[in-house]
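Novice: please find the sequence and the predicted model below.
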Amino acid sequence: MRIALIAHDKKKDNMISLAIKYKDTLKDHELFATGTTGTLVMGETGLPIRRMKSGPLGGDQQIGSMVAEGKLDLIIFLRDPLTSQPHEPDVSALLRLCDVQSIPLATNQKSGEIMLEAVKSGLIK
C-alpha cells in the first residue's frame, strides 16, 4: 500500500506520535510525505519515506498529482483547522482530488488511527 503523510506545523508532533504508535504497520508499506513532516517522522522512527517538497512550496500539489495518477492508496493529512494556511487552495485541491479518486483520507489524529487500524487488520489493502 502507498501511504502519504502530511501534517500542518501545529500537528507535526501528532504525526510523529501516530507514526511511532503504528511504526510496525507503516514499515510494511511504501511511505511518502511532504518535506518537513517526512524529515521529522524519519528522524523519530527510522522509517524510509520518500519526501516531496514542503507543503507551501508545492508538496501538497506533488501529493495531489500522485492521487490524480492513481499512485497513492491512503493519505493521512493532520490539518490545523484553526490556523490560516497560505497554501489553502492547494490543500482544498488535494482534498477534492481524494474525493474524486475515492482515496481514503484522514484529516485528524483519531481518523488517522482508525485508518491505520484498518490497514493493520487488513480491512484496507
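Specialist: Structure's in. What do you need? All values reported here derive from a predicted model rather than from experimental measurement.

Novice: use CA for all of it now, contacts and neighbours both
Specialist: Will do.

Novice: report the helix or strand with the lowest average pLDDT across the chain.
Specialist: Least confident helix or strand of the chain, by mean pLDDT, DSSP states H and E, is helix 88-101 with a mean of 90.

Novice: gap between the helix or strand that that helix is followed by and the chain center?
Specialist: Using DSSP states H and E, the next helix or strand after helix 88-101 towards the C-terminus is strand 105-106. Put simply, strand 105-106 sits 8 Å off its chain's centre (C-alpha atoms, centre = their mean, to the nearest Å).

Novice: start at 785 instead
Specialist: Sounds good: first residue 785 from here, last item strand 889-890.

Novice: hmm, who's touching the next helix-or-strand element following strand 889-890?
Specialist: Next along the chain after strand 889-890, taking DSSP H and E as the criterion, comes helix 893-905. Contacting residues not belonging to helix 893-905 are listed as 798-799, 802, 806, 809, 860, 862, 890, 908-909 [C-alpha atoms under 8 Å, 6 or more residues apart in numbering].

Novice: can you pull the buried residues of helix 893-905?
Specialist: Judged by neighbour count (16 or more other C-alpha atoms under 10 Å), helix 893-905 contains these buried residues: 893, 896-897, 899-900, 903-904.
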